[in-house]
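[1] build the 3D model from these lines:
(chains A, B and C)
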Amino acid sequence: MFDVHEMEVNFGPQHPSTHGVLRVILKIDGERIIEAKPIIGYLHRGTEKLFEHMSYPQCIPHTDRMDYVASATNNLGFVETVEKLMGITGQIPKRAQLMRVVLSELQRMSSHLLWLATHAIDIGAMTPFFYCFREREQILDLFEEYCGARLTLNCMRIGGMPDDVTPQWIDDVERFNEKFDAAIDEYESLLTNNRIWKRRTVGIGVISPEEAIDWGITGPPLRGSGVEWDLRKAMPYECYPELEFDVPIGKNGDTYDRYLVRMEEMRQSRRIIHQALPMLRATTPGDIKAKISRVIRPPEGEVYHSIESPKGELGYYIVSDGKSQMAYRCHVRPPSFVNLQALPAMAKGHLVSDLVALIGTIDIVLGEVDR
Amino acid sequence: MNPWMLYLVWPLIKFLIAFVIVQVIVAAMNWIERRVLGLIQARLGPNRVGPWGLLQIVADPIKFLLKEDIVPSSAEKIAYFLGPMLPLVPAFIVFCLIPFGPPPTFAVTHTNVGLLLILALTSTGVYGIILGGWASNNKYSLMGGLRSAAQMVSYEVPFGLSIVGVLMLCGSLDLVHIINYQAHHVWNVFPQLIAAFIFFVSMNAENNRTPFDLPEAESELVAGYHTEYSAMKFAFFMLAEYSAMLVNCCLMVSLFLGGWTLAIGGYGLTTATLKSMGFMGGLLGTVIFVVKVMTFMMIYIWFRATFPRFRFDQLMDLGWKWMIPLALINIFVTGIVVLAAPEMIINGSVVPVGETILAVAGAATVALTLFLIMKPRAHAPKVIHASRVSEA
Amino acid sequence: MQVEYPKHKWTDKFLLLDMFEGLKTTFRELWKPKVTIRYPEERMEPSDRFRGMFRFSFDRCIACKLCAIACPIDIIYIDVHDETLEQPDGKKKKVKVLDRYDIDVKRCMFCSLCEEACPTKPKSIWLTTKTYELATYDRGDLYFNMQQLEYWDERPEYPGLPDEDAPPLAPGLVAANRQLSGGAK
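    Here you go, the predicted model:
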């Protein structure tokens, strides 16, 4: 069974750095990992099954609870899928589209901030954690100002948005946006050049572009490997084509590159918001909902639609029987779940300390992995 | 004076005073560290108990004493109980060897091999950690204990080697002599800049402080060797750790920063000047010493707030491949310079040329570093960042 | 777009300048204002749209049950019976009378779909009460019936909170902390 040198360690589900309830069974030789086996399902709530028993608008609050640090993008993915099923994607007013873009980019920032905070504290730098949360708190304040909730936003509706934004809110977002670049510079001053940070991340968990594609990895881990694939560019939705932004890619596919890619993504999100706000001001206030009936009963059919969530490709697959107000079947393709599958391959041969860095770098949220 | 008084009673009284003061500092360090760490991290730190949260110093021990003391059923009982005690004892004994002020009044004992004794005693602290880690019967504890052992063994070597340069300059293992020597020449940190750096890094590693806090790396090993310890046993580990930190800071100050003196080339507050002021002078010296020590304690906290953690193999790498060769080079260079350029008589006074050369080189490096730190980084305002192009 | 890798000069490597960069940042932060809100002496004022505790208005409610239908987790319990009222002019009119309007707040996820579904103007169930101190010592206390939902102001205060009229618990402490935090807020 075991070599005399080998030892089995239960890493999680109650461990400070498993980001929730991930359990990894490690077979280690000294500190070197021979085998890492992630065990998931501790947070399974049957969300997909729940979707079959409630009407489409009722599903939206439940999507919040999958990737609970990025609920706006979860909402966005779901409502867009239903809109696509109903064939009303083109009818969404411009103002609603821009609001969706701004919200989901803010969400991307906040999700990446949370990722940076936890990733840094896993590697031992505890201070970026608090700085990141300071800025994240401001983003949550903005969410609260818009929709009344801070974390589980429930901020989008099929066919549009629930509330209109106030000019005051747009100003607040702009004020935050102006300061955000300096904040990123501050985090980078603590980490990017630091030699300890580099030693802990450069060359750790290298995924080649081919491997990344084979594993089905999406999002920043894929782009860190040098594959320029961002659904906002590749399969544009909402009004992303009108906005100018770059897709940052890495070269080496290691933890450090993924870190740089995410840092740059935050800057790009900032850039998108910077462009979107004047456009939002130019649209007519109040024009936030497409004219659809209150009861949502999509025609018979099935549809798959995916968006770029902060963690990767978030896809929803919905089958409608055309008769009821509920989905016949709803499947979610969560990015964290797919990205997590590469963990054993990435961890093999690294040290226990690196496993912590690797769990951090693939940026999993167990609510989304287990659904 | 009665030899009993001279060699037993007085040292005991002085030790008790020093012990109480040190314990207060150690307990206060807990509060200071949390508070400063909080202020650095955009929050406040403990501020609820008493004014500025100062009563936290009292509240924490009370909590530790009253908490349930859990002993894992599978633990090796004797070793488990010995674990927290072992590191505590040497950490306390060492304080009678450190001169806090001009001797004889402000030093508990005055041994001419004090430094050697201190090194010998502090390195025994690791036994408790290994024992505690092993006896807990927890894999994380075991890994923490082993990491600590390996770290301690690796860093004892550069720790000891870095002192050699100082010994070569001062020619004594007596801390009092070393401090007096610095007052009459220059702080050893300048001629022995590399040694001071190695000493500082090694003492961080010996005390398991960030960036070398691998044995208790909470994100990897939950809490390392003290995972299974609770209540007062955990407090013992913490006391030992903070005491060891204090000891090492005292050593750093004595060896490289002139101890209780504040003088260069014999000018300023030397031991003789302080002694001429009587008891108050001695007290002043102690205050200077404590201020210097606390500065280093603050640097510990500052480091903890700033740096990520090394990985285990990188730590070994740094110790064996960088610190030890560097220390050896330092010894070599110091030896050559001191031997090749011995003392010269300029204007009737004896000037140690070799040491002066080293001191100037060290001071120049410090000055250059400070200059480069103060200056904005060269590559910071590079071309406009891609994400800002649209606004430019 | 290829991400930029930091470039290092030899002085950076030799003099550990990359480490000092971080130390500089943390040192600067030490003197900056802090963001801690010292609850309960200081409380955050929620925004106008903040989704907090429910409030219900019996007078406005038309007993249409739309909120109960909209609720994703079915925690709104409504019982209605029809009653025939005799109008002053002798005509008989059928009205719905609300017998029960309970919300099991402990299961609520504050999505505000009920508020959105409510057809009356102004809404007869709304969450924008800016109340977020809902903790109780008993699970049962979080099951609210119609009267409690309408008049929950009288419910016992959470015992950990200071009196609203009373001065802060320790004025010196608050002032000292404020000074320490650089006079923020």
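
[2] C-alpha only now, for contacts and for neighbours.
    Will do.

[3] low-scoring stretches of the chain, by residue?
    I'll assume chain A. Applying pLDDT under 70 to chain A flags residues A:1-4.

[4] not quite, I wanted chain B
    For chain B, the ranges with pLDDT under 70 are B:1, B:348, B:376-392.

[5] show me which residues of it sit near chain A.
    B:40-42, B:139, B:210-211, B:217-220, B:222, B:304-312, B:314, B:387-388, B:390 (Cα under 8 Å from any Cα of the partner chain).

[6] same question for the residue sitting nearest the centre point of chain C, what's its three-state structure.
    For chain C, the residue nearest the mean C-alpha position is C:G52 (3.1 Å; Cα atoms, centre = their mean). State at C:G52, reduced to three classes by DSSP: H, G, I helix; E, B strand; the rest coil: coil.

[7] over to A:I318?
    Following three-state DSSP, A:I318 is assigned to strand.

[8] measure it to chain C for me?
    Look at A:I318 and chain C: by Cα to the nearest Cα, to the nearest Å, they are 18 Å apart.

[9] so that residue touches A:V303, yeah?
    Yes - counting by Cα atoms under 8 Å, a contact exists between A:I318 and A:V303, whose distance comes to 5.5 Å.

[10] between the two, what contacts are shared?
    Counting by Cα atoms under 8 Å, 6 or more residues apart in numbering or on different chains, the residues touching both A:I318 and A:V303 are A:T81, A:L85.

[11] more neighbours: which of those two?
    Using other Cα atoms under 10 Å in any protein chain shown as the criterion, A:I318 and A:V303 rank with A:I318 on top: 23 against 16.

[12] leaving out sequence neighbours, find the closest residue to that one.
    Using Cα to Cα, 6 or more residues apart in numbering or on different chains and skipping the chain neighbours, the partner closest in space to A:I318 is A:C330 (4.5 Å).

[13] still on that earlier bit, hmm, the residue nearest to the centre of chain C is touching C:E115, no?
    No - look at C:G52 against C:E115 with Cα under 8 Å: they stay out of range, at 11.8 Å.

[14] overlap in contacts of those two?
    C:L127.

[15] quickly note the distance from whatever residue of the stretch 51-200 of chain B ends up closest to chain C to A:M66.
    Per Cα to the nearest Cα, B:P51 is where the stretch 51-200 of chain B lies closest to chain C, at 5.8 Å. Counting by Cα to Cα, to the nearest Å, the gap between B:P51 and A:M66 amounts to 44 Å.

[16] neighbours of residue 216, just the number please.
    All of this refers to chain A. A:G216: 15 surrounding residues under other Cα under 10 Å.

[17] looking at chain B here, not the other one
    By the criterion of other Cα under 10 Å, B:E216 has 24 neighbours.

[18] ok, residue 121 - contacts?
    I went with chain A, as the question did not name one. Neighbouring residues of A:I121 by Cα under 8 Å, 6+ apart: A:T127, A:P128, A:F129, B:S219, B:P308.

[19] the intended chain is chain B.
    Counting by Cα under 8 Å, 6+ apart, B:L121 makes contact with B:P90, B:A91, B:I93, B:V94.

[20] format these as CSV; extra columns: distance to B:P158, neighbour count and secondary structure.
    Formatted as CSV, the contacts of B:L121 follow (distance: Cα to Cα, whole Å; neighbours: other Cα atoms under 10 Å in any protein chain shown; DSSP: H, G, I helix; E, B strand; the rest coil):
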residue, distance to B:P158, neighbour count, secondary structure
B:P90, 21, 20, helix
B:A91, 20, 24, helix
B:I93, 23, 15, helix
B:V94, 20, 20, helix
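
[21] where are the low-confidence patches of chain C?
    Low-confidence segments of chain C (pLDDT under 70): C:153-185.

[22] tell me the helix or strand right after the longest helix along it.
    Ordering each helix of chain C by length in residues (DSSP state H) puts helix C:17-30 first. Beyond helix C:17-30 on the C-terminal side, the first helix or strand identified by DSSP states H and E is strand C:55-56.

[23] what's the following helix or strand after that following strand?
    By DSSP H and E, the next helix or strand past strand C:55-56 is helix C:66-70.

[24] send me that following helix as CSV with only the CA atoms.
    The C-alpha coordinates for helix C:66-70 follow below in CSV (Å, rounded to 0.1, in the frame of the first residue of the first chain):
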residue,chain,number,x,y,z
LEU,C,66,-48.4,37.3,-5.3
CYS,C,67,-45.6,37.7,-2.8
ALA,C,68,-46.0,34.2,-1.6
ILE,C,69,-46.0,33.0,-5.2
ALA,C,70,-42.9,35.0,-5.9
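
[25] so what does that helix touch, helix or strand wise?
    In this structure, helix C:66-70 makes packing contacts with strand C:76-86, helix C:113-117, judged by 3 or more Cα pairs under 8 Å, 6 or more residues apart in numbering or on different chains; DSSP states H and E.

[26] what comes up buried for the shortest one?
    Going by neighbour count (16 or more other Cα atoms under 10 Å in any protein chain shown), the buried part of helix C:113-117 is C:L113, C:C114, C:E115, C:A117.

[27] of those, which is the nearest to B:V360?
    Relative to B:V360, the closest of the buried residues of helix C:113-117 is C:L113; by Cα to Cα it sits at 74.2 Å.

[28] longest helix anywhere in chain A?
    Assignment by DSSP H gives helix A:94-123 as the longest helix of chain A.

[29] distance from the chain centre to that helix, please.
    Distance of helix A:94-123 from the chain centroid (Cα atoms, centre = their mean, to the nearest Å) equals 7 Å.

[30] run the chain-centre distance for the next helix-or-strand element following that helix.
    Next helix or strand after helix A:94-123 toward the C-terminus (DSSP H and E): helix A:127-147. Put simply, helix A:127-147 sits 16 Å off its chain's centre (Cα atoms, centre = their mean).

[31] quick one: helix A:127-147 to helix A:94-123, angle?
    Going by axes from the mean of the first three to the mean of the last three Cα atoms, to 10 degrees, helix A:127-147 is angled at 160 degrees with respect to helix A:94-123.

[32] which residues sit against helix A:127-147?
    Residues outside helix A:127-147 that contact it (Cα under 8 Å, 6+ apart) are A:103, A:106-107, A:109-110, A:113-114, A:116-118, A:120-121, A:149-151, A:153-155, A:163, A:165, A:169, A:172-173, A:176, A:180, A:183, A:187, A:190, B:40-42, B:305-306, C:35, C:46-50.

[33] just the ones of the residues of chain B next to chain A in helices?
    Residues of those located in helices (DSSP H): B:I40, B:K139, B:E218, B:S219, B:E220, B:R304, B:A305, B:T306, B:F312, B:Q314.

[34] so who does the residue nearest to A:I318 touch?
    Counting by Cα under 8 Å, 6+ apart, A:C330 has contacts A:E48, A:K49, A:F51, A:E52, A:Y316, A:Y317, A:I318, A:V319.

[35] follow-up on the earlier one: in PyMOL, how would I select just the buried ones from the residues of chain B next to chain A?
    Filtering the residues of chain B next to chain A down to the buried ones (16+ other Cα under 10 Å) takes a single PyMOL command:
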select buried, chain B and resi 40+41+42+139+210+211+217+218+219+220+222+304+305+306+307+308+309+310+311+312+387
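
[36] near chain C, which residues of the stretch 1-150 of chain A?
    Counting by Cα under 8 Å from any Cα, the residues of the stretch 1-150 of chain A close to chain C are A:M54, A:Q58, A:C59, A:P61, A:R134, A:E144, A:E145, A:Y146, A:C147, A:G148, A:A149.
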